[in-house]
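> Pasting a predicted model and its sequence here:
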Number of protein chains: 2
Amino acid sequence: MTNTATPITRLDAQTADFEQQLQHLLAWEAVSDHQVAATVDEILSRVKKEGDAAVLAYSNKFDQLGATSIADLVVPQARLQQALESISAEQRQALETAANRVRRYHEHQKQDSWQYTEADGTVLGQQVTPMERVGLYVPGGKASYPSSVLMNALPAKVAGVDEVVMVVPTPKGEINEMVFAAAAIAEVDTVITIGGAQAVAALAYGTETVPKVDKIVGPGNIFVATAKRAVFGNVAIDMIAGPSEILVVCDGKTDPDWIAMDLFSQAEHDEQAQSILVCPDADFIEQVQASIDKLLPTLERETIARTSLENRAALIKVADMDQAVAVINRIAPEHLELSVEDPQALLPKIRHAGAIFMGRYTAEALGDYCAGPNHVLPTSGTARFSSPLGVYDFQKRSSIIMCSAQGASELGKTASVLARGESLEAHARSAEYRIKK
Amino acid sequence: MTNTATPITRLDAQTADFEQQLQHLLAWEAVSDHQVAATVDEILSRVKKEGDAAVLAYSNKFDQLGATSIADLVVPQARLQQALESISAEQRQALETAANRVRRYHEHQKQDSWQYTEADGTVLGQQVTPMERVGLYVPGGKASYPSSVLMNALPAKVAGVDEVVMVVPTPKGEINEMVFAAAAIAEVDTVITIGGAQAVAALAYGTETVPKVDKIVGPGNIFVATAKRAVFGNVAIDMIAGPSEILVVCDGKTDPDWIAMDLFSQAEHDEQAQSILVCPDADFIEQVQASIDKLLPTLERETIARTSLENRAALIKVADMDQAVAVINRIAPEHLELSVEDPQALLPKIRHAGAIFMGRYTAEALGDYCAGPNHVLPTSGTARFSSPLGVYDFQKRSSIIMCSAQGASELGKTASVLARGESLEAHARSAEYRIKK
């Protein structure tokens, strides 16, 4: 290493204090700010009580709009189509290609209803139905991504949701044409240019203009995240996302420039993003370091990427691929790149990861935009218990039980014993009515 | 009606103010108590910091135990087996029958991994894996139900979860042998006799003795519910349950005593439980009222059931079955009983319900205990966006993307355009490396 080397944390999984160092590296906690919570509480209760009037007041204040009614902030479908026609043919083609691939992949996630009949004629099953109406939060400003519109709206559409309502703030009235174009392609039903906690509140409670939804998905700042947590239960929400992260596992035989750029593609997101390389080959780690040092100054977003790499990245040396797998499962990464010769051999050993990018050709960026799977993924180790956003997030199930006379008679005997054991006598008697004399 | 009639709300779906009255009837909001939240916050942060010592101090205080260590509160498997042998043969048989049926039904919910290969050799798919460790909260005291142990633990077991950790408070040291027996039958791996917010904290953060889990499920009081909401994100949780409810739709041709008892089987749970009858036959509604008046005084839990019926029940007259369906979908009931001649004809019209009990023989009580489907169901209209507890609650998915060289080259072009449109240059360059020259 020379003096110009980018200072990136180096860890060795074979050292005794590795787990401790790793824990330190991964440490990240959602800011839970009492001041923010109090502000959000006030916004929620005002919107609940005053409806449109409160949403309008907050939108004019926070987004510096001069709107006179929320109805004025509802975007006509013609305006979305206009945006679609305003972008370049190349961009439109790219959005449509991405949308088609995302739609096709998500079709595979659709769950069907099922029933089975037992010997005595009793039918058991599960009926799967889509939600009626869902809300999609799209951030405004610099983090306003058309790809996120596709990734959040299309699974809901594939699920069969009747109405997708998208909210997107337009600070100072600034509109992102690509976001509107993506909404047109995804056939979003309603777009309203509101944002912040007031938009979450409007979707959760409903106002004169904003329809109440069953679930709210999509990323947002701390006010949005705090509002989503507060309305959870009243409506469903997706997970509250932490900073984005990638774990690249490489056998040392990929072009180190490729690996460096893959790490950058995470680091450029924001200063809190985390890029980690795991590799059994010490020499290759040095080659990647050299590629980083060489390529980092060439990035448009060099400053952000450099901060992210210096504060949160790590190059981790492991003994072998088995130890690499152990590190993967310990971290439960949002994005896992297996830049190795035979990724299929590793796959069955991987227990926790949001998305797995297999082989040297599968850059995370391909999955972020257009491979097909969703780019909304569990962060901060929550892949231990969460899944990518999917069609299943917009479907729900109802249990089906239809007892035959004979079936009810048999089940009634068991239910009666258990109900009486729990001192729930009416349960027991209700079951006993169905026992054949 | 005579003077001795139980006063139960009567509604007619054909009146102009029906929606308003229905809204009033259904109104229920989880108590969100600032004092409780502050207490829970303190418990959470002490347990996070002090581990076992804090859990021990709170357990001794709130449950009036005289324990000297949390290790002493870990129940040996032999003690669970002893409980199984201590209950009556009839009870054991009933628990085992129920467990077998619940297990069999839930096997149908298991989701499998899938992959498909595109023309250019690119592979896309989804890998499904079980969570490693989940926590099951079982309330102590009067609401300690062995059936809940089966309903919460068995889906996790069927999913393939490595370790199910059950916590159950034993106020004043009082043990429910049926609950321990059910834990033995469900093959719960670890049982610890702690409860309250301190048990939720221990499961969420882990202590010296209590292992950190990935998800916490199971009902509890307001302290438990508040703690679950607070740790959400750190671990997964199931929905926060409101009072239990049943909606019985009857065509007027079921024995009115059966219908009355079915309504009671909900009303006897607690004073906040809600029982609603929907029927197009005014005479039949009077017959059910008469059955209620006749049978209510014969109930062991008459006082609770009477309070529930007088405060929260309703007998709703509808014009016809189409209007009944509209009321069902408006309410999105936890339990829906279709006590009608041809329930299969109604099924496709039902969009929102936790569990659907079809036909005159299918009392809710049969499903509560042993039909097979889960009895942990979405309450308070949350069936609009939630499902019964199931195997899917203990599995999670990882997206799989493996691009061929050709596939990566094609996708790279689309990804590059979209990434540059979002000003994410490193994403674009990472994709462009994979484009064939």
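Everything's here; your move. What you see is a predicted model, and the numbers here were worked out from it, not measured in a lab.
> Next, the contact list for A:Ile400, please.
A:115, A:123-127, B:347, B:355-356, B:358, B:373 (CB atoms under 8 Å, 6 or more residues apart in numbering or on different chains). In this view, the C-beta of every residue, glycine as well, is placed from N, C-alpha and C.
> I'd like the residues you listed laid out as TSV, including distance to A:Ala37, secondary structure and pLDDT.
Below are the contacts of A:Ile400 laid out as TSV (distance: CB to CB, whole Å; DSSP: H, G, I helix; E, B strand; the rest coil; pLDDT from 0 to 100):
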residue	distance to A:Ala37	secondary structure	pLDDT
A:Gln115	46	strand	96
A:Val123	48	strand	97
A:Leu124	44	strand	98
A:Gly125	43	strand	98
A:Gln126	38	strand	98
A:Gln127	39	strand	98
B:Leu347	44	helix	96
B:Ala355	36	strand	98
B:Ile356	39	strand	98
B:Met358	45	strand	98
B:Pro373	38	coil	97
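> between these, which is nearest A:Asp72?
Nearest to A:Asp72 among these is A:Gln127, at 40.9 Å by CB to CB.
> any idea how far the nearest residue to A:Arg434 once chain neighbours are set aside lies from B:Ala181?
Excluding its sequence neighbours, the residue lying closest to A:Arg434 (CB to CB, 6 or more residues apart in numbering or on different chains) is A:Ala408, at 4.0 Å. Between A:Ala408 and B:Ala181 the distance, using CB to CB, to the nearest Å, works out to 26 Å.
> what does A:Lys157 give?
A:Lys157 sits 48 Å away from B:Ala181, taking CB to CB as the criterion.
> and what of A:Leu315?
Per CB to CB, A:Leu315 is found 53 Å from B:Ala181.
> just A:Ile435 next, same as before
24 Å.
> what's the answer for A:Thr170, then?
According to CB to CB, A:Thr170 stands 61 Å off from B:Ala181.
> More neighbours: those two, which one.
Using other CB atoms under 10 Å in any protein chain shown as the criterion, A:Thr170 and B:Ala181 rank with B:Ala181 on top: 25 against 22.
> so who does the residue of the stretch 51-200 of chain A found nearest chain B touch?
Relative to chain B, the nearest point of the stretch 51-200 of chain A is A:Ala94 (3.9 Å; CB to the nearest CB). Taking CB under 8 Å, 6+ apart, we find A:Ala94 in contact with A:369-370, B:413-414, B:417-418, B:421.
> Now stretch A:17-37: buried residues?
For stretch A:17-37, burial by neighbour count (16 or more other CB atoms under 10 Å in any protein chain shown) applies to A:18, A:21-22, A:25-26, A:30, A:36-37.
> likewise stretch A:342-357?
Neighbour counts over stretch A:342-357 (16+ other CB under 10 Å) mark A:343, A:346-347, A:350-357 as buried.
> Pick the one among the residues you listed closest to A:Ala431.
Closest approach to A:Ala431 among the buried residues of stretch A:342-357 (CB to CB): A:Arg351, at 41.6 Å.
> Could you verify my assumption that the closest one touches B:Glu132?
Yes - contact criterion CB atoms under 8 Å: A:Arg351 and B:Glu132 qualify, at 7.0 Å.
> thinking again about what came up before, out of the buried residues of stretch A:17-37, which are inside helices?
Filtering those for membership in helices, criterion DSSP state H, returns A:18, A:21-22, A:25-26, A:36-37.
> want to try a markdown table for those residues, with distance to A:Val391 and pLDDT as columns?
Output for those, formatted as a markdown table (distance: CB to CB, whole Å; pLDDT from 0 to 100):
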| residue | distance to A:Val391 | pLDDT |
| --- | --- | --- |
| A:Phe18 | 39 | 96 |
| A:Gln21 | 39 | 95 |
| A:Leu22 | 34 | 95 |
| A:Leu25 | 34 | 93 |
| A:Leu26 | 30 | 92 |
| A:Val36 | 33 | 90 |
| A:Ala37 | 33 | 88 |
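> In terms of distance to B:Glu107, which of those residues ranks first?
Nearest to B:Glu107 among those is A:Leu26, at 36.2 Å by CB to CB.
> Tell me the residues on the stretch 101-250 of chain A that lie near chain B, please.
Within the stretch 101-250 of chain A, the positions lying close to chain B (CB under 8 Å from any CB of the partner chain) are A:105, A:108-109, A:114, A:116, A:122-124, A:126-127, A:129, A:131-132, A:142, A:145-147, A:178, A:214-215, A:229, A:232-233, A:235-236, A:239-240.
> Would you show me how to pick out the buried ones of the residues you listed in ChimeraX?
A single ChimeraX command suffices to select whichever of these are buried according to 16+ other CB under 10 Å:
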select /A:105,108,109,122,123,124,126,127,129,131,132,145,146,147,178,214,215,229,232,233,235,236,239,240
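> Tell me where the stretch 101-250 of chain A has helices.
A:146-159, A:177-185, A:196-205, A:222-231 (DSSP state H, counting those that start in this stretch).
> Run a quick neighbour tally on A:Lys110.
A:Lys110: 16 surrounding residues under other CB under 10 Å.
> Please apply the same query to A:Cys403.
Using other CB under 10 Å, A:Cys403 has 28 neighbouring residues.
> Could you find the closest non-adjacent residue to A:Gly206?
A:Lys212 (2.9 Å).
> What of A:Leu80?
A:Ala184 (4.0 Å).
> So which of the contacts of A:Ala94 wins on neighbours?
Ranked by the number of neighbours (other CB under 10 Å), these place A:Tyr369 first, at 33 neighbours.
> could you measure it against chain B, distance?
The gap separating A:Tyr369 from chain B is 4 Å, by CB to the nearest CB, to the nearest Å.
> my guess is that residue meets A:Ser147, correct?
Yes - the criterion here is CB under 8 Å, and A:Tyr369 meets it with A:Ser147 at 5.4 Å.
> From the centroid of chain A, which residue is nearest?
The residue lying closest to the centre of chain A (CA atoms, centre = their mean) is A:Val376, at 3.0 Å.
> Okay, now the unreliable bits of chain A?
A:1-3, A:30-32, A:142-143 (pLDDT under 70).
> Could you list the domains of it?
Per the record, chain A has its domains at A:9-28+A:242-371, A:34-111+A:131-237, A:403-432, by automatic domain parsing.
> circling back to that earlier point, does the residue nearest to A:Arg434 lie in a helix or a strand, and which?
Using DSSP states H and E, A:Ala408 falls within helix A:405-421.
> Over to A:Ala94?
helix A:89-107.
> List the contacts of the residue nearest to A:Leu25 when sequence neighbours are not counted.
Closest residue to A:Leu25 apart from its sequence neighbours, by CB to CB, 6+ apart: A:Ala314 at 5.5 Å. A:Ala314 sits next to A:8-11, A:25, A:276-277 when contact means CB under 8 Å, 6+ apart.
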